[in-house]
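Novice: return atomic coordinates for the entry below.
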Amino acid sequence: MPRRTYFPPFSALALDERIKRAVVLLGPRRVGKTVMIKQLISKALDDGWDAGRILYASIDTPVYSGTSLEQFLSLLPDNSGRALVIFDEIQYLRDWEVHLKDLVDSYPTIKFVATGSAAAALRLKSNESGAGRFTDFMLPPLTFHEFLVFIGKDADLISVTTDVDTKFDRYKSNNIEGLNSAFIDYLNYGGFPEAVLNPVVRENPDQFVRSDIIDKVLLKDLPSLYGIDQIQELNKLFTFLAYNAGNEASLDNVSKQAEMAKPTIKRYIEYLESAFLIMKVANVDQNCKSMQRERAFKVYLNNPSMRAALFNPVNASDTDIIGHLAESAVFSQWQHGNSSRSLRYARWKSGEVDIVSIYPGNQSADWAVELKWSDRPTKDASQLSNLVSFCRINKLERATCTTKTVRTKRTYGEVEVDFVPTALYCYTVGRNITKHLKDRSLAVNSIDDEELEEQAEMFSEDDMS
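Specialist: Next up, the predicted model:
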């Protein structure tokens, strides 16, 4: 199977013997963690690691029930030399974080790697018990760029040039209709590698995505992690939020429409966020000021293809639904980078802007984007009144508006608007953010020993998401 963009930074951490830490690979179900682990084993063999000193154990295998992590080490010829030990689905072992920390301390010549799907709870335990011993590595769903690479259309649909002055890569679509068609496929099933590569899985999103991913998280993972006994309520709320993804909501209106108590909704939304099913986005006003009391918010799907599994796949004629799903797709690209923490949407009495990035220090606007699945804004200036007004108030000289097919620039007074097709914008965000991760991995390989611990801590603090 093709290697994900995340593989170079992950393998750089996992196989660097100078870093005396365990690497914990976290991520939602079915995003390719086990495949990446097996690719790591392949790379280790290519790099000269002794095959007899590489141990892989899938902890969720029933025959291993009750087996301690240290017992697995007895399968190695001895515990004194270099070895690579991998524990897959480690969350099935009770108090795993305590046992793994002890192994890291007791066996300094062994590189330990663990994976887990209950990502939020695993990360919490990792941070609490593994400080200085673990480095967390987040593996999100596929970016749109990765999707095109996986289906072999990246080079056909996108051309890349490097700006001579800035050294930044610039992306251009060679076939915008073909790119939009691939983008709709991405919205329907593109976040999960197996669905992308297997036509049988792709034809049965209800079985694969809904049953194997969503239902297992809602019916198994979250109830066991948080002691939820009203599973049907949780399922009902997620279905409601998924159907209304991209629309502004409040605890009051969700409570009325979903017929649930507000404290329960607030708690369940936090759980769904922790399971990487949804993203909750807060709002600011036209002056970029946050409300003292959060009354309204938006919810986007962590992976837009979950909506197709819950309801129906979209097609090119479903323009309104594609518009909302495209917003989820764009936000899902931003989640791959640290800058996602600064993203908001702006809403005031007479207008709204879809994405605003906020400087954390002084709560001022950094940039703004209006997301459209239409070419009308390039011809009708009234479609941009909110975006231009927001830029003027916040002294932004330029902004971005996405379109369906058109790429051009227009100036409205002192504000320059860059029009970019939504699919191309989505591609650009995902590719640039994951390129940064690859550059980081090259940096880790080139630094000296004194900087390694600091760099490993940076990987963990940035969540690698």
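Novice: which residue ranges form the strands in the stretch 51-200 of the chain?
Specialist: All strands of the stretch 51-200 of the chain, identified by DSSP state E, counting those that start in this stretch, fall at 54-58, 83-88, 110-116, 134-138, 158-162, 169-173.
Novice: among those, which is nearest Phe311?
Specialist: For the strands of the stretch 51-200 of the chain, the distance to Phe311 is smallest for strand 134-138, at 27.8 Å, taking CB to CB. (C-beta placed from N, C-alpha, C; glycine too.)
Novice: tilt between that closest one and strand 110-116?
Specialist: Per axes from the mean of the first three to the mean of the last three CA atoms, to 10 degrees, the angle that strand 134-138 makes with strand 110-116 is 40 degrees.
Novice: burial of the residue nearest to Gln39 when sequence neighbours are not counted, as a residue count?
Specialist: Of all residues not flanking Gln39 in the chain, Arg3 sits nearest, at 5.7 Å (CB to CB, 6 or more residues apart in numbering). For Arg3, the count of nearby residues is 18 (other CB atoms under 10 Å).
Novice: my guess is Arg3 is in a strand, correct?
Specialist: No. Per DSSP: H, G, I helix; E, B strand; the rest coil, Arg3 lies outside any strand segment and is coil.
Novice: distance of it relative to Leu40?
Specialist: Between Arg3 and Leu40 the distance, using CB to CB, to the nearest Å, works out to 10 Å.
Novice: swap in Val23?
Specialist: According to CB to CB, Val23 and Leu40 sit 9 Å apart.
Novice: so what sits against both of these two?
Specialist: Phe10, Ala14, Val113 (CB atoms under 8 Å, 6 or more residues apart in numbering).
Novice: can you point out the buried residues in the helix or strand hosting Ala368?
Specialist: Ala368 belongs to strand 365-370 when elements are defined using DSSP states H and E. Neighbour counts over strand 365-370 (16 or more other CB atoms under 10 Å) mark Ala365, Ala368, Val369, Glu370 as buried.
Novice: now, which of those sits nearest Leu197?
Specialist: Closest to Leu197 out of those is Val369 (31.3 Å), distances taken as CB to CB.
Novice: contact partners for the closest one?
Specialist: Contacts of Val369 by CB under 8 Å, 6+ apart are Val330, Val353, Asp354, Ile355, Val356, Ala399, Thr400, Cys401, Thr402, Tyr425.
Novice: hang on, the earlier thing: looking at the strands of the stretch 51-200 of the chain, which is nearest to Leu437?
Specialist: strand 134-138 (9.9 Å).
Novice: paired strands for that closest one, with orientation please.
Specialist: strand 22-26 (parallel) (DSSP bridges).
Novice: residues touching the helix or strand just after the strand it pairs with, excluding its own?
Specialist: With elements assigned by DSSP H and E, the helix or strand that comes after strand 22-26 is helix 33-46. Here helix 33-46 makes contact (CB under 8 Å, 6+ apart) with 1, 3-4, 6-7, 10-11, 14-15, 25, 27, 51, 54, 56, 58, 84, 86, 88, 113, 115, 117, 139, 193.
Novice: could you list the buried residues of helix 33-46?
Specialist: Within helix 33-46, the residues scored as buried using 16+ other CB under 10 Å are Lys33, Thr34, Val35, Met36, Ile37, Gln39, Leu40, Ile41, Lys43, Ala44.
Novice: for stretch 93-102, same thing?
Specialist: Leu93, Trp96, Glu97, His99, Leu100, Lys101.
Novice: where does the protein dip in pLDDT?
Specialist: Scanning the chain for pLDDT under 70 picks out the ranges 118-131, 166, 292, 438-465.
Novice: contacts only, for the spatially most central residue of the chain.
Specialist: Computing the C-alpha centroid of the chain and ranking residues by CA atoms, centre = their mean puts Pro140 first, at 3.7 Å. Contact partners of Pro140, counting by CB under 8 Å, 6+ apart, are Gly27, Pro28, Val31, Phe276, Asn302, Ser332, Gln335, His336, Ser465.
Novice: please report the distance of it from Leu26.
Specialist: Distance from Pro140 to Leu26, by CB to CB: 10 Å.
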